[in-house]
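Visitor: The following block contains a protein sequence and its predicted model.
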Amino acid sequence: MKITDLSMSKLAMSKLAMSKLGFTLERWRSALAMFFLISTATTAATEAADSLRYPGKTKRDALVRSAEQLEAKIEADPNAVANYVGVADVQTFLWCYGFELHADAMPQCETAARRALELAPNLAAAHTALGIVLLGQRNWDAAERELRLATELEPGRAASFHWYALYLAAMNRHGEAEKYSKHSAKLDSSSGMTIARSSILYFKRDWQGMVDVLTPTIEQDVEYEAAYDWLGMAYVQQQRYDKAIPTYRRAAELSDGLAEVLGGLGHAYAVAGREKEAREVLETMYRLAEHWHVPPVQIAFVHVGLGEKQQALDLLDLAYEQRSWELVFLQVEPWLDDLRAEPEFIKLVEKMNFPK
């Protein structure tokens, strides 16, 4: 989806219109410049973007294939509950990774989750899927009920405990989140659950805990891109930029340029004072966004690192309209700390209507 096609977009991104967001003429011009005026500098990052390769294409293609296969299985056997759970999971990942907008992925997730619950009302995985749907709808209390119920229905399912821990972390309830996260890690010691554990430590702001968890994970699997991504976050927060930047570069290479990794790399360059490289990454992300969906929050992270608060706030407004996954963590995301005193940010938090 090209940004230049927004006014015709089925994704409803035309809500960036001046009257909707109350832009002044000056700010509207600034926003137009931000989205449409791309530098002509012939950097390596620009050349990479010109190849028009979907950010994270390998992972996205695998998810899309999986969705197609599951739909075919459902057509062959409409009463096989596991296939509906599978569809819900795939659509969740397409949204959370930023491959699809909420408007495209999550209605399909909800349909699949509710059908699974019709077939198996006490299936924990289906309640977790519905809880995630409700998170996207910002129905916080209902989301918690579903996510907590999933842990009660199947106490041995690690994924249910992790998703509930994520909810608790997002709501700034870190003590409870830690309890559920530790339990999920005891149930499942796989690399994937190590990443899940590190995410809870991140929002808890336990940077060294993340390093302690992720370093052995990488030693065991030197090509696990997610481990490099989250380890890069920890190093940034520790201001160990000599480690953060090469770690993020490796994550970008292994993840096929996943948008959330590019955002992290650009942010790392920016806070390390390497403005030229940060702007190269930023330019790459805007060029990619001319052709595909790139989560606005990931671009905002680079602007925050560069001290460009208004550009970041405008992108967060867009993320709100899109119901971006990252905004679930608006209250606790460390990389947005520099915006918290801004009146527009305070209003955005109020609009999210988080539980008190």
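Guide: Arrived safely.

Visitor: low-scoring pLDDT stretches of the stretch 151-300 of the chain, where are they?
Guide: The model of the stretch 151-300 of the chain has no residue with pLDDT under 70.

Visitor: can you give me the helices in it?
Guide: 158-170, 174-187, 191-204, 207-220, 225-237, 241-254, 259-271, 275-289, 296-305 (DSSP state H, counting those that start in this stretch).

Visitor: For the ones you listed, give me CSV that also has mean neighbour count.
Guide: No exception for glycine: its C-beta is placed from N, CA and C like everyone else's. As requested, the helices of the stretch 151-300 of the chain are arranged in CSV below (neighbours: other Cβ atoms under 10 Å):
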stretch, mean neighbour count
helix 158-170, 25
helix 174-187, 18
helix 191-204, 21
helix 207-220, 17
helix 225-237, 24
helix 241-254, 19
helix 259-271, 26
helix 275-289, 21
helix 296-305, 27
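
Visitor: and V85, which of the ones you listed is closest to it?
Guide: Nearest to V85 among these is helix 158-170; the distance by Cβ to Cβ comes to 10.8 Å.

Visitor: Let me know whether Y235 touches K243 as I believe.
Guide: Yes: in this structure, Y235 is within contact of K243 by Cβ atoms under 8 Å, at 4.5 Å.

Visitor: Quick one: closest of the helices of the stretch 151-300 of the chain to G98.
Guide: Proximity to G98 (Cβ to Cβ) singles out helix 259-271 among those, at 5.1 Å.

Visitor: Now do the closest one and helix 225-237, the angle between them.
Guide: Interaxial angle, helix 259-271 versus helix 225-237 (axes from the mean of the first three to the mean of the last three Cα atoms, to 10 degrees): 20 degrees.

Visitor: Who are the packing partners of helix 259-271?
Guide: Counting contacts by 3 or more Cβ pairs under 8 Å, 6 or more residues apart in numbering; DSSP states H and E, helix 259-271 packs against helix 225-237, helix 241-254, helix 275-289, helix 296-305.

Visitor: Need the residues that contact that helix.
Guide: Applying Cβ atoms under 8 Å, 6 or more residues apart in numbering, the external contacts of helix 259-271 come out as 55-56, 97-98, 225, 229, 232-233, 235-236, 239, 241, 244-245, 248-249, 251-252, 255, 275, 277-278, 281-282, 284-285, 288, 294-295, 297-299, 301-302, 304-306, 335.

Visitor: How much space separates the nearest residue to V297 once chain neighbours are set aside from I74?
Guide: Sequence neighbours aside, E326 is the residue nearest to V297 in space, at 3.9 Å (criterion: Cβ to Cβ, 6 or more residues apart in numbering). As for E326, its distance to I74 is 30 Å (criterion: Cβ to Cβ, to the nearest Å).

Visitor: can you tell me which residues contact A252?
Guide: By Cβ under 8 Å, 6+ apart, the neighbours of A252 are L258, V261, L262, L265.

Visitor: And for V85?
Guide: Going by Cβ under 8 Å, 6+ apart, V85 touches A112, A113, A116, L123, A125, A126, A129.

Visitor: check which helix or strand covers it.
Guide: When elements are assigned from DSSP states H and E, V85 belongs to helix 81-96.

Visitor: any idea which helix or strand comes after that helix?
Guide: Downstream of helix 81-96, the first helix or strand assigned by DSSP H and E is helix 102-119.

Visitor: What is that following helix packed up against?
Guide: Secondary elements touching helix 102-119 (3+ Cβ pairs under 8 Å, 6+ apart): helix 81-96, helix 124-136.

Visitor: contacting residues around it?
Guide: So helix 102-119 is contacted by 10-12, 79, 81, 84-85, 87-88, 91-92, 94-95, 99, 123, 125-127, 129-130, 132-133, 136, 322-325 (Cβ under 8 Å, 6+ apart).
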